[in-house]
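**Q** here is my input, please return the structure:
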Amino acid sequence: MNTPYPDPFFTPDPQAAAASRIVDFAHRAAGHRGGAVDSDYASLHHWSATDLEGFWGAVWEYFDIEAATPYQRVLENERMPGARWFPGASLNYTHHALRGLADDDVAIVALDETGSSHEVTGQRLRAQVASVAATLRDLGVGRGDRVVGYLPHTPHAIVAFLAAASLGAVWSVCGQDYAPKAAADRFAQLEPTVLITADGYLFNGTTHDRREAALELAHALPTLKATLLVDHVGLPWPSRNYPSLVVPWEDASTRTERLTCTPVPFDHPLWVVFSSGTTGLPKGIVHGHGGVLLEHLKTLGLHSDLGPGDRLLWYTTTHWMMWNLVVSTLLTGATTCTYDGSPAPLTRPDVLWELASRHRVTVFGTSPQYLLAMAKFGIDPSVHDLSSIRVVGCTGSALPASAYPWVRDHVGAHVLLASISGGTDIVSGFAGSAPTTPVWAGELSAPHLGVALAAYDTEGLPVVDQVGELVVTRPMPSMPLSFWNDPDGARYHDAYFSAYPGVWRHGDWITHTAHGSVIVHGRSDSTLNRNGVRLGSADIHDAVERLPEITEALVIGAEEPDGGYWMPLFVVPAPGVALDDALRERIRDAIRTGVSPRHVPDEILQVPAIPHTRTGKKLEVPVKRLLQGAAVERVVNPAAVDAPELVDYYARLGAERRNRRATA
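**A** Presented below is the predicted three-dimensional model:
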């Protein structure tokens, strides 16, 4: 599909670009580039992806990485999987997160949907991390032990993580909207030593009591030595028969202690993040201290231009990988904001913009669904003073071209709208924007630095201006160390390297354009293939969701037993709108003229909602398999879905259609 905006939609201000950290980095990295000082992004990226040792060595120097023992070389080999980065180096993530904080610096601003806030200074953060680390140490937590959090997005989660990491322990966290069983499906795999849990969380005007859920989760984790109880929403913790020692957070976090960070090898496990678990037990993905440290400094410090004096507010939950990036804001010396609540509560749907204005946020992060909803329901962020916002980051799915003019008109013409594509797998981005890149509406400006990205055709050859598989042909420091409980690496290899030996296949369908940008068309395993003509589902979703009458859409291409191909489009009309024949025809026309006449759907069906993973991705492949008749338990774990009741709804739709066809 051709973009409707062939010329750049946004061009960076030359003075602002020249003053950015990425340009400063280009100048200071000249020695690694044989004296070349070219700060043009395309040139810088080419060097970063072809001279991995030179580039990542320059990143190490630019951000002044402090290692207890030096590295022997940058990259021992380039084999994927198996590349080994910075062998010999020992360091600690927590040390780098806290090293630049002055006592009176604002490290964290804690926000919630009521509009209230409080600040955590550098002195207080350092003291709390030292106290909780000492408590964990007294509970027997040491290097390699696992500490897990059942917590909302508040400073408690950041303190707990930094404390665990300072000891060389391995961290994992999920939000309290997960049922205890869903949380246990993740955490029990890790055999954790300590659980840290809160009394509840806020969402859409309601305080959700999670005290009984926390008790149930603790009983599902037989390896626990202790449970730390956080008072967050003011619900008293009743006396219960916890299976292990109980420690109040107040006691754990208010000791007077000195923080000591344990140096660990560069590839020592830092955390385990989990896949969505929509089709089975969630897989644990292990990342290391050093790889995360360098990758996040590059992403946040160079691509987002974050540094001292900046503030980042990115709406996320603790079980989405964006939480990990939000924490890493501290690595740059910038202030990070936590947020507890709904992104658009009914009583104050623009509260995030209000908070961004009040707290002078410079980088505001969200999802395509949020921006589209703001536009659809007539929310105007510009009633607030948003002059401090320099970047609006957007990730989770492809951002349609129609959202770009809305951000320009309602947030600010000066704002860089940075659409980003990455994944939990690398806990970072593959492509996005930078202070020096132009922006084309509906496109990601360029591959990120250090990412040897390509689009592969069906023959495994790189193509330009053609749709292909997103691949990465050379290693990245934040690629997983392993999957948890995968001793021979077989599951890890099969997940990414079975299609193209030695090349990472991510599972997204993209176009790498001649002007260097990247267009994301959707997951390659949900490709629409009608009569041999392939199309990305995201292209159809974009065209349909631009219509003011449609809130959200989901298109499926399902192969049938008789050799047929059924392509239904499910739509959620806007409030007060009915799906009638006239609207159906407008939808067909939007697809026919704006996308492809060969991919007009067979049916357009009204549904109550579209199911998503808990991180906001549409459940395309599971819905397809449900419609084809696969058993629910073989297709999707309802606990991993934002609205579990929708799983049975779509299974019934498929059964009803098969019955009609059988009796026709």
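
**Q** only C-alpha atoms from now on, for both contacts and neighbour counts.
**A** OK.

**Q** and the closest residue to Gly516 other than its chain neighbours, how far is that from Gly142?
**A** Using C-alpha to C-alpha, 6 or more residues apart in numbering and skipping the chain neighbours, the partner closest in space to Gly516 is Ala446 (5.6 Å). According to C-alpha to C-alpha, to the nearest Å, Ala446 and Gly142 sit 41 Å apart.

**Q** over to Pro608?
**A** If you go by C-alpha to C-alpha, the gap between Pro608 and Gly142 works out to 49 Å.

**Q** ok, these two, which is more surrounded?
**A** When Pro608 and Gly142 are compared for neighbours, Gly142 comes out ahead with 21 against 11, by other C-alpha atoms under 10 Å.

**Q** can I get whichever strand or helix holds Gly468 as CSV, trimmed to CA atoms?
**A** Assigned by DSSP states H and E, Gly468 falls within strand 467-472. Extracted as CSV, the C-alpha positions of strand 467-472 are listed here (Å, rounded to 0.1, in the frame of the first residue of the first chain):
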residue,chain,number,x,y,z
VAL,A,467,6.6,-6.1,1.4
GLY,A,468,8.7,-8.7,3.3
GLU,A,469,9.5,-10.3,6.6
LEU,A,470,11.2,-8.1,9.2
VAL,A,471,14.6,-9.6,9.9
VAL,A,472,17.7,-8.5,11.7
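
**Q** sec struct for Ser48, please.
**A** With DSSP: H, G, I helix; E, B strand; the rest coil as the basis, Ser48 sits in helix.

**Q** and it, what does it touch?
**A** 54-56, 449-451 (C-alpha atoms under 8 Å, 6 or more residues apart in numbering).

**Q** 10 Å - rerun?
**A** Ser48 sits next to 33, 42, 54-56, 58, 448-452 when contact means C-alpha atoms under 10 Å, 6 or more residues apart in numbering.

**Q** which residues touch the helix or strand following the strand holding Gly468?
**A** Heading C-terminal from strand 467-472, the first helix or strand you meet, by DSSP H and E, is strand 482-483. Here strand 482-483 makes contact (C-alpha under 10 Å, 6+ apart) with 81-82, 269, 272-274, 283-288, 425, 488-493, 495.

**Q** for the protein, where's the lowest mean pLDDT among helices and strands?
**A** Of all helical and strand segments in the chain, the minimum by mean pLDDT, DSSP states H and E falls on strand 533-535, at a mean of 67.

**Q** against which helices or strands is the very next helix or strand once past that strand packed?
**A** Sequence order places helix 537-545 as the next helix or strand after strand 533-535, per DSSP H and E. In terms of contacts (3 or more C-alpha pairs under 10 Å, 6 or more residues apart in numbering; DSSP states H and E), helix 537-545 is packed against strand 518-523, strand 550-555, strand 568-573, helix 581-594.

**Q** now those in a markdown table, with distance to Ala16 and mean neighbour count?
**A** Converted to a markdown table, these look like this (distance: least, C-alpha to C-alpha, whole Å; neighbours: other C-alpha atoms under 10 Å):
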| stretch | distance to Ala16 | mean neighbour count |
| --- | --- | --- |
| strand 518-523 | 24 | 24 |
| strand 550-555 | 37 | 23 |
| strand 568-573 | 42 | 22 |
| helix 581-594 | 36 | 16 |
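
**Q** need those in TSV with mean pLDDT and distance to Leu481, can you?
**A** Putting the helices and strands packed on helix 537-545 into TSV (pLDDT from 0 to 100; distance: least, C-alpha to C-alpha, whole Å) gives the following:
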stretch	mean pLDDT	distance to Leu481
strand 518-523	84	24
strand 550-555	93	35
strand 568-573	95	39
helix 581-594	92	43
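
**Q** would you reformat those as JSON lines and include distance to Ala89?
**A** Output for the helices and strands packed on helix 537-545, formatted as JSON lines (distance: least, C-alpha to C-alpha, whole Å):
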{"stretch": "strand 518-523", "distance to Ala89": "35"}
{"stretch": "strand 550-555", "distance to Ala89": "48"}
{"stretch": "strand 568-573", "distance to Ala89": "52"}
{"stretch": "helix 581-594", "distance to Ala89": "53"}
